[in-house]
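Asker: Model the structure of this input:
(2 chains)
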Amino acid sequence: MKNNNHSRRKFLQELGVAGALSLCGLPILSGCSRQPKTHARVVIVGAGFGGATCAKYLRKLDRGIEVILIDANTEYVTCPFSNTVLAGLHGINDLTFRYDDLVDSYGITFLNETVTNIDPDKNSVILTDGSNLSYDRLVIAPGISLVWNTPEGYDATASEIMPHAWKAGPQTLLLRKQLENMRDGGVVAIAPPAKPFRCPPGPYERASLIANYLKKNKPKSKILILDSNEKFSKQGLFMQAWKERYPGMIEWVPVTEGGAVQRVDPTNMTLYTDLDEHKVDVANVIPAQTAGKVTIENGLADQSGWCPVNLQTFESTLIKNIHVLGDSALAGAMPKSASAANSQAKVCALAITALLNGNEPGGPSFHNTCYSLIGPDYGISVSAIYGLKDNMIQKIEGSGGVSPMDASAAFRADEAKYAQGWFDSITQDTFG
Amino acid sequence: MHIFQQSVLIISLLFLSLSTWSAPPEKQIESLVFTCYTCHGTDGESPGEIPKLKGKTPEKIEEKLLQFRQDQGDPTIMNRIAKGYTEDEIKRIAEYLGGLQ
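Answerer: Residues are numbered from 1 along each chain as shown, chains lettered A, B, ... in the order given. Sure thing, here's the model as predicted:
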């Protein structure tokens, strides 16, 4: 309550300033600045699709809000399209984005730092160098944390031998190198965790694009998906495409047929399921996930391991003045995807702008579109529009769905073209 | 005013306020159009293969979206997306996007 009164008082003070500024047009006051005066500061932790979009849209909506964007890295490698790097269709540089445009064109302050702690009573974050940074509103968009030892034996060291490549960058390049070095006739295992995890169609797009590479370069090889789930996103479309494009190359073992990997042994490249053990040449083990570490350590996640939020504002229901969005948030029917994070970030930016200006947040509209590539000329998609109903994010009835089954090659090629267009647009909408 | 009429009025007002209370807030126009920008670029200025929205008239945008809603106009994905908006929302979106300079 105290904080609330404080910001309201501060806001009222700023109103006085705004009143004076509106007189700038008069000749008698021609000396005063036309720049909007900062009336609030928003600190954003995490500069991926969620955090960077939120930063950009806050400044787009209200230049009077000072935005400080904090990330431990100076550039961002996107998970979307990282499977094309595994297939050798793109280089990692095509997926790497810096924050220069956000700084230069939108006046955002970028801090290459790590937040060690949040002090919600003082409305401030503490950085690794011990300094404090105060905020009126804090936005946390850290993506996911990997849960080591799920499966058993899979930790940071194991991930250097059996890459997860579920955060793009060095892990993506490591998996690519292993595929390049693999013998023809080798077995590549992909082991997705039980839901929920980041990018639901990701493991299956990965299988498709690795198959695309292997078919051309090591055609005797096989891909084994050891799945902790009994079904998956765009399943019918993926399976149709695999039969069409990569017959006999991809084997999928669902949890119901003993697919779940319980334990790994990196020293002998073996994955253990309930019924079997699989010695493989390349192992892509994707561990279980939770909300980003900074949210867990600061009491923003609940027992599920994810962060409950008010879905109109993305303000945490656990700690006031702190908003959590993207993969870390419990966002109803929306998947954990770049597109969803981008959409939630805009809703959050609109809500924060309203709140800092003393207005009620408006009704939100959400969108998600995820393309998956089977090959460079074969794309499929899933999409939906969402709204707020009974305080939950729910799909608008009749909207969305996946690409049609049995579509023509021309249709699939168009969707592959639009997949690239989607990537070009969303990265511009987020970082540019 | 008769007591009967008064009661009807009061009861109607009560119901009106109750229904307003429980209804979700009207979707903010910015929130509606921002959903377009993910794939069509900020302010509809797509840098790649997805069609630009900036520079199109409100009439054209509304006409296309209404077509897509009926699975017309050769869509790959826009039919699935356009069905997520009411006719009124489509009109508001088209007016906003058509007014972008």
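Asker: only C-alpha atoms for contact and neighbour calcs from this point on.
Answerer: Will do.
Asker: same for the strand or helix carrying A:His323, what does it pack against?
Answerer: In the assignment (DSSP states H and E), A:His323 maps to strand A:322-324. Strand A:322-324 makes packing contacts with strand A:137-140 when contacts are defined by 3 or more Cα pairs under 8 Å, 6 or more residues apart in numbering or on different chains; DSSP states H and E.
Asker: In its sheet, which strands sit next to the strand it packs on, and in what direction?
Answerer: Strands that pair with strand A:137-140, judged by DSSP bridges, come out as strand A:40-45 (parallel), strand A:322-324 (parallel).
Asker: Determine how far that strand lies from the middle of the whole chain.
Answerer: 16 Å (Cα atoms, centre = their mean, to the nearest Å).
Asker: pLDDT of that strand, averaged?
Answerer: For strand A:137-140, the mean pLDDT works out to 98.
Asker: then it to PDB, C-alphas only?
Answerer: Coordinates of each C-alpha in strand A:137-140 appear next as PDB, following Å, rounded to 0.1, in the frame of the first residue of the first chain:
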ATOM      1  CA  ARG A 137       7.800  -1.300 -12.100                       C
ATOM      2  CA  LEU A 138      10.000  -4.300 -12.600                       C
ATOM      3  CA  VAL A 139       9.500  -6.700 -15.500                       C
ATOM      4  CA  ILE A 140      11.100 -10.200 -15.300                       C
END
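Asker: Give the other helices and strands that the next helix or strand after that strand contacts.
Answerer: Next along the chain after strand A:137-140, taking DSSP H and E as the criterion, comes strand A:144-146. When contacts are defined as 3+ Cα pairs under 8 Å, 6+ apart, strand A:144-146 sits against strand A:289-291.
Asker: Just the buried residues of whatever helix or strand comes next after the strand it packs on, please?
Answerer: Proceeding N to C from strand A:289-291, the next assigned helix or strand is helix A:293-297, under DSSP H and E. By 16 or more other Cα atoms under 10 Å in any protein chain shown, the buried positions in helix A:293-297 come out as A:293-296.
Asker: which other residues reach the strand holding A:His323?
Answerer: Outside strand A:322-324, the residues that touch it by Cα atoms under 8 Å, 6 or more residues apart in numbering or on different chains are A:137-141, A:307, A:309, A:313-316, A:348.
Asker: how about those, which pair is most distant?
Answerer: Greatest spacing in these, by Cα to Cα: A:Arg137 and A:Cys307 (16.8 Å).
Asker: Those two: which is more packed in?
Answerer: A:Cys307 (28 against 22; other Cα atoms under 10 Å in any protein chain shown).
Asker: What's opposite the more buried one in the beta bridge?
Answerer: Beta-bridge pairing for A:Cys307 (DSSP bridges): A:Ala329.
Asker: pLDDT score for it?
Answerer: With respect to pLDDT, A:Cys307 scores 98.
Asker: residues in contact with it?
Answerer: When the contact criterion is Cα under 8 Å, 6+ apart, the partners of A:Cys307 are A:291, A:295, A:300-301, A:316, A:324, A:328-330.
Asker: Which PyMOL command selects the buried ones in those residues?
Answerer: The buried residues among the contacts of A:Cys307 can be selected in PyMOL (16+ other Cα under 10 Å) with this line:
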select buried, chain A and resi 291+295+300+301+316+324+328+329+330
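Asker: residue ranges of the helices in the chain, please?
Answerer: Chain wasn't specified; assuming chain A. Counting by DSSP state H, chain A has helices at residues A:2-21, A:49-61, A:82-86, A:100-106, A:170-181, A:202-217, A:235-245, A:293-297, A:338-356, A:409-431.
Asker: I was thinking of chain B, sorry if that wasn't clear
Answerer: With DSSP H, the ranges of helices along chain B come out as B:3-22, B:29-40, B:58-69, B:78-82, B:87-98.
Asker: ok, now which ones touch A:Gly185?
Answerer: The contact partners of A:Gly185, taken as Cα under 8 Å, 6+ apart, are A:218-222.
Asker: In chain A, which residue sits nearest chain B?
Answerer: Among all residues of chain A, A:Gly363 sits closest to chain B, at 4.0 Å; criterion: Cα to the nearest Cα.
Asker: what's the pLDDT at the residue nearest to that residue when sequence neighbours are not counted?
Answerer: Closest residue to A:Gly363 apart from its sequence neighbours, by Cα to Cα, 6 or more residues apart in numbering or on different chains: B:Lys27 at 4.0 Å. What the model reports for B:Lys27 is a pLDDT of 95.
Asker: I'd guessed B:Lys27 sits against A:Ser365; true?
Answerer: Yes. At 6.4 Å, B:Lys27 and A:Ser365 qualify as touching, with contact defined as Cα atoms under 8 Å.
Asker: So between these two, which is more surrounded?
Answerer: A:Ser365 (28 against 15).
Asker: Quick check: beta-bridge partners of that one?
Answerer: According to DSSP bridges, the residues that bridge with A:Ser365 are A:Gly387.
Asker: now the one 5 residues further on
Answerer: For A:Cys370, the beta-bridge assignment (DSSP bridges) gives partners A:Val382.
Asker: picking up where we left off before, so the residue of chain A closest to chain B sits against B:Pro25, correct?
Answerer: Yes. Counting by Cα under 8 Å, A:Gly363 touches B:Pro25, with 4.7 Å between them.
Asker: give me the number of residues near A:Glu360?
Answerer: Neighbour tally, A:Glu360, other Cα under 10 Å: 12.
Asker: distance of the nearest residue to it once chain neighbours are set aside from A:Leu61?
Answerer: With Cα to Cα, 6+ apart as the criterion, A:Glu360 has its nearest non-adjacent residue at 6.0 Å, and that residue is A:Ala354. Note on A:Ala354: its distance to A:Leu61, by Cα to Cα, to the nearest Å, is 10 Å.
Asker: if you count what's nearby, which of the two comes out ahead?
Answerer: It is A:Ala354, of A:Ala354 and A:Leu61, that has more neighbours when counted by other Cα under 10 Å, with 17 against 14.
Asker: hang on, the earlier thing: and the residue nearest to A:Gly363, what does it touch?
Answerer: A:362-365.
Asker: what about burial for the contacts of A:Gly185, which qualify?
Answerer: Among these, those buried by neighbour count (16+ other Cα under 10 Å) are A:218-219, A:221-222.
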